[in-house]
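Q: sequence first, predicted coordinates after that:
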Amino acid sequence: MYQPHVPARRRRAARLGPHRRLALYATFALLLLTGLAWLLARWLELEPETLAPWQAWSMKLHGAAAMYATFLLGIVWSAHIRMCWIQRQNRLAGGLFAAVVGLLVVTGFGLYYFNGEALRGATEWLHWGGGLAVGALFWLHLARGRRQAAGHD
């Protein structure tokens, strides 16, 4: 596969710095944990008095983390995604990850604003499925990127 010649300083620029990496990892972990907490509470069918405060706080944290994740992804777009796409690095795993994140943004919006039982139900399932899949895709993207950086791919 063709790999355009890229100076070493530009290759390093594609790698996220430790602060951005930590912010992304912590934010995505918070999104996953709060989403799983909400799903667990919903599927356990706890009493409404027990469920309501717990579920409300998990969704408030989830929404706040989602807004921050959108901000971080904007930063990552300019510093990482664009550079790696130009360099033809980790396109498949990164593209799949980005597509599912895009699905989560659209379905997250839909959970607030879509009306109708069928549309709302489909949106919920897509958001839950995408939320669970994005963790695996994130891990795949990291593993492939590190493997390529080490020269094994």
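A: Sure, I can see it.

Q: surely Phe138 and Val100 touch.
A: No - look at Phe138 against Val100 with CB atoms under 8 Å: they stay out of range, at 9.1 Å. No exception for glycine: its C-beta is placed from N, CA and C like everyone else's.

Q: in the chain, which residue is most central in space?
A: Against the mean C-alpha coordinate of the chain, by CA atoms, centre = their mean, the closest residue is Val101 at 4.9 Å.

Q: just the element for it, please.
A: According to DSSP states H and E, Val101 maps onto helix 91-113.

Q: what element comes up after the worst-scoring helix or strand of the chain on mean pLDDT heading to the C-terminus?
A: Sorted by mean pLDDT, DSSP states H and E, the helices and strands of the chain end with helix 8-14, the least confident at a mean of 54. Using DSSP H and E, the helix or strand that directly follows helix 8-14 along the chain is helix 18-44.

Q: give me the distance from the helix or strand following that following helix to the chain's centre.
A: Once helix 18-44 ends, the next helix or strand along the chain (criterion: DSSP H and E) is helix 48-76. Centroid separation for helix 48-76 versus its chain: 13 Å, with CA atoms, centre = their mean, to the nearest Å.

Q: packing partners for the next helix or strand after helix 48-76?
A: Per DSSP H and E, helix 48-76 leads on to helix 82-86 as the next helix or strand towards the C-terminus. Helix 82-86 sits against helix 8-14, helix 91-113, with contacts defined as 3 or more CB pairs under 8 Å, 6 or more residues apart in numbering; DSSP states H and E.
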